[in-house]
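Visitor: Let me see the structure of the following:
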Amino acid sequence: MNITIIGSGNAGLIHAAKIYEKGYPVGVLKTSDYGNMDFFNRIAQAGEYDVVDLTNNGHKFTAKMQFITRDIQHAVEFADIINVVWKEFRVAIMCGATLTAANFVKLMLFDKLTAPVAL
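Guide: So this is what the prediction gives:
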C-alpha cells in the first residue's frame, strides 16, 4: 500500500515519518509556494530527513521517503492512499473565528455600537 502525504510542513513530515516507521512506502508532495524552500530542496534532494519523536521518548530515526516532490502527477500515480494534512487551514479558520469574535466584542463594549450596527 503506497501512501502520499500532501503537505510538507511540520505536520506533513512527521505524519509521513510515522507512516514510514510502520513500514509503509510513503512519499511527500509540496503544493504551496510558501515555507522554507531551502529546507524543502535539501530534503527533496536527499530523499530523507532525520526525526526526533518526542511522543516516543525522543526516539531518533531517519525517515526515507519514496519521493519528496512538487510533481503532482508523480505523487498521485504512486499513491494507493492520499492523505491531505490540513493543519495550516484549520489554524487559519480558528484564528479567523477568534479574531472575528474579539472584534465584535470590542465594537460592542469599547466602541459602544449596538448589535445591528456591529453586524
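Visitor: From now on I want contacts and neighbour counts done on CA atoms only, so please keep to that.
Guide: OK.
Visitor: same question for the one helix or strand residue 14 maps to, mean pLDDT?
Guide: Using DSSP states H and E, residue 14 sits within helix 10-21. Helix 10-21 shows a mean pLDDT of 92.
Visitor: can you give me the offset of that helix from its chain's centre?
Guide: Relative to its parent chain, helix 10-21 has a centroid offset of 10 Å by CA atoms, centre = their mean, to the nearest Å.
Visitor: Make 32 the first number, not 1, from now on.
Guide: Will do, 32 is the new start, and the previous item becomes helix 41-52.
Visitor: buried sites along that helix?
Guide: 43, 44, 45, 46, 47, 48, 50, 51 (16 or more other CA atoms under 10 Å).
Visitor: for stretch 59-73, same thing?
Guide: Within stretch 59-73, the residues that count as buried by 16+ other CA under 10 Å are 59, 60, 61, 71.
Visitor: which SS class is the last one?
Guide: The three-state assignment at residue 71 reads helix, by DSSP: H, G, I helix; E, B strand; the rest coil.
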